[in-house]
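Undergrad: prediction below, plus the sequence it came from.
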Amino acid sequence: MDLSNKVKSSLKPYQWVVLSYLAVILAGSLLLYLPISSHKPTTYITALWTATSATCVTGLVVVDTGTHYTTFGQTIILMLIQIGGLGYMTAMTMIALLLGRKLSIFDRNILSDTLNLYSIQGAVKLVKLIAFFVLGIEITGALLLSLRFIPRFGYINGLWKSLFHAVSAFNNAGFDIMGNFKSLTEFVSDPYVNLIISILIIIGGIGFITVSEIILHRKNGVMSLHTKMVIRTTVILLILATFLVLLLEFNNPKTLGNLNFFNKILASYFQAVTPRTAGFNTINTSSLLPATSLIIIFLMFIGASPGGTGGGVKTTTLAVGLAFIWSILQGEEKTVIMNRSIPSSTIRKTIAILFIALMLVFISTFAMLSTQKAPPLDIIFEVTSAFGTVGLSRGLTTNLNFTGKIILMFTMFAGRVGPLALLLSLVVKRKPLVITYPEEKVSVG
């Protein structure tokens with residue numbers, strides 16, 4: 001057994017996932033620190049921030065990606081986005097399969113954890129499907145965007161912008177190279193660009209398991225509870241969020257107020273899609289009303305779906321949590337969703353994820369409030385955006401001090417690998433207890 005295999009065998013799957021993300025971030029930061037990567041001298045903390053944000057597919061930036069980084073630097077960022085969106089093990093498995101290498105059982109276990117599979121069976125087959133699917137979607141998205149971007153920016157620049165934004169949107173990264181931190185605000189009234197970008201965001205965010213089941217649904221006519229929950233929760237959140245943003249911002253002159261009715265609906269829809277960990281914006285996020293910002297914070301906390309390219313606690317976690325509360329209110333012992341009982345192990349994991357996520361956001365918010373001079377709403381918004389790997393900002397990111405950057409980088413990292421996975425990688429498991437202890441009731445609530 002060589003050294004690399006010995007190291008692998010000594011690590012738990014969760015630890016390997018965490019370390020692999022750290023390795024990618026550090027490698028990316030060194031490349032972005034090179035003079036060839038930027039037009040102006042870049043501090044290492046800026047390079048580290050950008051690498052963390054790209055690998056964690058967040059999109060929060062302290063310097064403008066379009067004007068600060070060269071084409072080489074933007075290419076490095078795009079590669080980090082692709083690796084971060086797919087997951088390190090998924091990306092490395094694709095490379096291994098291209099080279100004709102076989103995966104060990106350990107690698108298959110890590111891969112199944114990365115893809116949120118219930119077993120290692122079918123993991124490699126799913127990766128092959130993901131490879132063709134991702135390549136097809138991103139190329140199609142780039143070609144469609146080029147029809148709008150080439151006439152506007154020229155052939156070479158238009159193609160590069162099309163590819164960059166297609167990959168960034170599909171991986172829910174939110175990085176843009178439009179320049180001057182303006183994201184997609186100049187396309188607020190363009191339904192073509194809005195729909196293409198939003199569709200890429202939704203497809204990337206709902207998860208590869210869901211996409212594969214939808215593709216195969218016509219063949220076998222079977223769709224799992226997981227896929228049904230993802231689709232229904234996503235649709236409900238999109239409809240409710242679009243309506244609420246439209247209602248709250250309808251007369252706000254700094255956001256929707258000056259748009260016609262159709263464009264108000266279009267902008268509201270896009271703002272409902274992008275907090276699901278994408279980070280693009282077509283209206284000025286810092287000008288949103290406090291009530292709208294609170295809605296966006298809620299959407300960012302939920303995030304994407306399991307196995308997708310985004311962060312957050314995930315749509316299924318929200319659905320299971322609400323179903324569990326409903327079962328308690330109904331006095332039922334079993335939690336039932338769509339005529340299917342949810343295992344107690346899933347309920348326990350749901351409660352753990354929600355509690356740990358809330359504690360992480362609370363601790364990060366407390367740390368930011370203690371070290372940054374900014375309105376509390378802006379800080380809570382920024383922290384949740386980092387945790388959900390979203391990238392939306394009310395303007396605080398560029399004004400962060402060193403401590404604030406460290407806090408949010410950790411929050412981004414925890415949000416991408418998953419707060420529960422991060423804790424599991426740090427906790428040393430005890431041997432199962434042979435003895436059992438008597439139960440005793442405790443008054444709660």
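TA: Sure thing, it's come through. Numbering: from 1, shown residues only.

Undergrad: now the strands for the stretch 201-350 of the chain?
TA: 336-337, 340-341 (DSSP state E, counting those that start in this stretch).

Undergrad: would you turn the ones you listed into TSV with mean pLDDT?
TA: Below are the strands of the stretch 201-350 of the chain laid out as TSV (pLDDT from 0 to 100):
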stretch	mean pLDDT
strand 336-337	90
strand 340-341	90
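
Undergrad: any chance of CSV for these, columns distance to Val24 and mean neighbour count?
TA: Yep, even glycine has a C-beta here, placed from its N, CA and C like the rest. Converted to CSV, the strands of the stretch 201-350 of the chain look like this (distance: least, CB to CB, whole Å; neighbours: other CB atoms under 10 Å):
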stretch, distance to Val24, mean neighbour count
strand 336-337, 36, 16
strand 340-341, 37, 12
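
Undergrad: those: which one's closest to Asp378?
TA: Comparing the strands of the stretch 201-350 of the chain against Asp378 with CB to CB, the closest turns out to be strand 336-337 (36.7 Å).

Undergrad: ok, the closest one: who's next to it in the sheet?
TA: Strands that pair with strand 336-337, judged by DSSP bridges, come out as strand 340-341 (antiparallel).

Undergrad: can you list contacts of the strand it pairs with?
TA: Residues from elsewhere that reach strand 340-341, judged by CB atoms under 8 Å, 6 or more residues apart in numbering: 225, 334-335.

Undergrad: and of those residues, the nearest to Arg152?
TA: Among the contacts of strand 340-341, and counting by CB to CB, the member closest to Arg152 is Leu225, at 44.5 Å.

Undergrad: and the closest one, what does it touch?
TA: For Leu225, the contacting residues are 337-338, 340, by CB under 8 Å, 6+ apart.

Undergrad: before we move on, the earlier item: now tabulate the strands of the stretch 201-350 of the chain in CSV and tack on distance to Val63.
TA: CSV is the format used below for the strands of the stretch 201-350 of the chain (distance: least, CB to CB, whole Å):
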stretch, distance to Val63
strand 336-337, 45
strand 340-341, 48
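
Undergrad: and of these, who's closest to Leu422?
TA: That would be strand 336-337 among the strands of the stretch 201-350 of the chain, by CB to CB, at 27.4 Å.

Undergrad: distance between the closest one and the chain's centre?
TA: Taking CA atoms, centre = their mean, to the nearest Å, one finds the center of strand 336-337 at 27 Å from the center of the full chain.

Undergrad: JSON lines for the contacts of Leu225, including distance to Phe413?
TA: Compiled in JSON lines, these are given as follows (distance: CB to CB, whole Å):
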{"residue": "Ile337", "distance to Phe413": "31"}
{"residue": "Met338", "distance to Phe413": "35"}
{"residue": "Arg340", "distance to Phe413": "34"}
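
Undergrad: next helix or strand past the helix or strand of the chain with the lowest mean pLDDT?
TA: The weakest-scoring helix or strand in the chain, judged by mean pLDDT, DSSP states H and E, is helix 3-10 (a mean of 53). Next along the chain after helix 3-10, taking DSSP states H and E as the criterion, comes helix 13-33.

Undergrad: avg pLDDT for that following helix?
TA: Helix 13-33 comes out with an average pLDDT of 86.

Undergrad: for that helix, buried residues please.
TA: 13-18, 20-21, 24-25, 28-29, 31-33 (16 or more other CB atoms under 10 Å).
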